[in-house]
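A.B. asks: Okay, sequence plus prediction incoming.
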Amino acid sequence: MDFETRAIHVGQAPDPLTGAVTVPIYATSTFRQTAVGQHQGYEYSRTGNPTRHALETCLASLEGAAHGFAFASGMAAAATVTELLAPGDRVLAVSDVYGGTHRLFTQVLQPRGHPIDTIGCEQVAGELADRLTGVRLLWLESPTNPLLAVVDIAHAARAAHAAGAMVVVDNTFATPYLQRPLELGADVVLHSTTKYLGGHSDVVGGFLATSDPQRAERIGFLQNALGAVAGPFDAWLVLRGLKTLAVRMRQHCANAREVVGLLQRHPAVARVLYPGLADHPGHQIAARQMLDFGAMASFLAHSEAAALRIAQRTRVFTLAESLGGVESLIEHPARMTHASTASSSHPVPPTLLRLSVGLEASSDLVADLEQALADEAPGRTGG
């Protein structure tokens, strides 16, 4: 079956008792046992729940994975996968990662004795092999958050495996509709299902997918032992979102192209960061490993003050953290989602603004940015 069909049907057969075509929300904490120690597949909802199982089955299929695990948040998924490390294992991550991931690495893993190193995305092609000595986990984002850099996942996976390292790819920005890292050699794929997979800014969740049976067994154990599982209603919301993921992503990407076109030609914009641009350093890689270039775009204003004014002026773009919903969002990463990177060796530029391009009429999005950017070109005073 093709992607769109699997998103609607895999793991979601009509309910055998009632014929309901939508997976029910199994709002129960426990399940009747037929005899002591015997049950009908479920015993306690932390360990397993039918609604969560439907989501795990469907999303694993979309990622081309044999196994999937749903969590209470993207960070719960991230924290769980790092539990695969042994004490003292070294981590190498691309330098441009989500602020919460940076916080997890530097304020949780590093104090526990895990050495944390970073590598610039532009260095992966030529220097990665030399940086992998002793590394047990290579952590990638592509495209990255918030600088929209692109990593050659297949190349990175080959180098990491040669060095004995596991490869985890945060695929939140791309979604499995645009990119499937397991097919490119990754070992584990991570999602914040809060974003495009849920798609409506009404749920918080996370997901891990893998086809490695030993890693899957361990992740399943950790999911139950640590307990940060997706609740049945949250799982149902994400499952609902998956049904329209393909059509939403096509429109998200089309709107992003219109928005990026405006940003490219506006004098108030110093630089546009979007992998769909021919002059983007990772454009050719993105064209090879992605179906389209996504709906996240960042741009640099000419000053931090200008960036802050622009962020305050938008009317259709909402000033808010997060991304991937039907509504368009604008944020200032250095003071919002990536504030935790301020003291790092790779802080987010203070002139940067990040856009999550939603599903409104592209003409309204372009007009909104035009009025927000007005008077911010060099030589004008702003306001």
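C.D. replies: Here it is on my side, so go on. Numbering: from 1, shown residues only.
A.B. asks: Longest helix in this protein, by number of residues?
C.D. replies: helix 245-265 (DSSP state H).
A.B. asks: how about the CA coordinates for that one, as PDB?
C.D. replies: Taking Å, rounded to 0.1, in the frame of the first residue of the first chain, the C-alpha atoms of helix 245-265 are listed here in PDB:
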ATOM      1  CA  LEU A 245      -0.400  14.000   7.100                       C
ATOM      2  CA  ALA A 246       0.300  13.600   3.300                       C
ATOM      3  CA  VAL A 247      -2.200  16.100   2.100                       C
ATOM      4  CA  ARG A 248      -1.200  18.600   4.800                       C
ATOM      5  CA  MET A 249       2.500  18.300   4.100                       C
ATOM      6  CA  ARG A 250       2.000  18.900   0.400                       C
ATOM      7  CA  GLN A 251       0.100  22.200   1.200                       C
ATOM      8  CA  HIS A 252       2.600  23.100   4.000                       C
ATOM      9  CA  CYS A 253       5.400  22.800   1.500                       C
ATOM     10  CA  ALA A 254       3.600  24.800  -1.200                       C
ATOM     11  CA  ASN A 255       2.900  27.600   1.200                       C
ATOM     12  CA  ALA A 256       6.500  27.600   2.400                       C
ATOM     13  CA  ARG A 257       7.700  28.200  -1.200                       C
ATOM     14  CA  GLU A 258       5.500  31.300  -1.500                       C
ATOM     15  CA  VAL A 259       6.700  32.600   1.900                       C
ATOM     16  CA  VAL A 260      10.400  32.000   1.100                       C
ATOM     17  CA  GLY A 261      10.000  33.800  -2.200                       C
ATOM     18  CA  LEU A 262       8.800  36.900  -0.400                       C
ATOM     19  CA  LEU A 263      11.700  36.600   2.100                       C
ATOM     20  CA  GLN A 264      14.200  36.300  -0.600                       C
ATOM     21  CA  ARG A 265      13.300  39.500  -2.300                       C
END
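A.B. asks: Just the buried positions in that helix, please.
C.D. replies: For helix 245-265, the neighbour count (16 or more other CB atoms under 10 Å) marks 245-246, 248-249, 251-253, 255-257, 259-260, 262-263 as buried. All C-beta spots, glycine's among them, are computed from the backbone N, C-alpha and C.
A.B. asks: same check, this time on stretch 80-87
C.D. replies: Those would be Thr80, Val81, Thr82, Leu84, Leu85, for stretch 80-87 by 16+ other CB under 10 Å.
A.B. asks: measure the most centrally placed residue in the chain to Ala160 for me?
C.D. replies: The centre of the chain sits closest to Thr172, judged by CA atoms, centre = their mean, with a distance of 1.6 Å. From Thr172 across to Ala160, the span is 20 Å (CB to CB, to the nearest Å).
A.B. asks: Flag the shaky bits of the chain, pLDDT-wise.
C.D. replies: 379-383 (pLDDT under 70).
A.B. asks: can you rerun that using 50?
C.D. replies: Applying pLDDT under 50 to the chain flags residues 382-383.
A.B. asks: and of the buried residues of helix 245-265, the nearest to Ala225?
C.D. replies: Leu245 (30.4 Å; CB to CB).
A.B. asks: isn't that closest one right next to Ala174, touching?
C.D. replies: No - with contact defined as CB atoms under 8 Å, Leu245 does not reach Ala174; the gap is 11.6 Å.
A.B. asks: which residues of the stretch 1-150 of the chain fall in helices?
C.D. replies: Here the stretch 1-150 of the chain has its helices, by DSSP state H, counting those that start in this stretch, at 3-9, 50-62, 74-82, 99-104, 124-131.
A.B. asks: Among those helices, which comes closest to Phe299?
C.D. replies: Of all the helices of the stretch 1-150 of the chain, helix 99-104 comes closest under CB to CB, at 18.6 Å.
A.B. asks: residues in contact with the closest one?
C.D. replies: 74-75, 78-79, 82, 93, 139, 141, 170, 333, 337-341, 344 (CB atoms under 8 Å, 6 or more residues apart in numbering).
A.B. asks: Return the member of these nearest to Pro213.
C.D. replies: Nearest member of those to Pro213, counting by CB to CB, is Thr82, at 20.0 Å.
A.B. asks: Not counting its neighbours along the chain, what's nearest the closest one?
C.D. replies: Spatial nearest neighbour of Thr82, excluding adjacent residues (CB to CB, 6 or more residues apart in numbering): Leu109 at 6.1 Å.
A.B. asks: again with Phe317
C.D. replies: Using CB to CB, 6+ apart, the nearest residue to Phe317 is Ile330, at 4.2 Å.
A.B. asks: With Arg136 instead?
C.D. replies: Asp89 is the one closest to Arg136 (CB to CB, 6+ apart), at 3.9 Å.
A.B. asks: Hmm, the one you found is touching Leu137, no?
C.D. replies: Yes - if you go by CB under 8 Å, Asp89 and Leu137 touch, sitting 6.6 Å apart.
A.B. asks: which one of those two has more residues nearby?
C.D. replies: Leu137 (24 against 18; other CB atoms under 10 Å).
A.B. asks: List the contacts of the more buried one.
C.D. replies: Counted by CB under 8 Å, 6+ apart, Leu137 has contacts Thr82, Leu84, Leu85, Asp89, Arg90, Val91, Leu92, Ala165, Met166, Val168.
A.B. asks: So for stretch 120-127, first residue to last residue, what's the gap.
C.D. replies: Distance across stretch 120-127, first residue to last, is 10 Å (CA to CA, to the nearest Å).
A.B. asks: Please disregard the earlier target; I meant stretch 352-368.
C.D. replies: Using CA to CA, first and last residues of stretch 352-368 are 18 Å apart.
A.B. asks: In that stretch, which residues are buried?
C.D. replies: Residues 352-360, 362, 365-366, 368 are the ones in stretch 352-368 that count as buried (16+ other CB under 10 Å).
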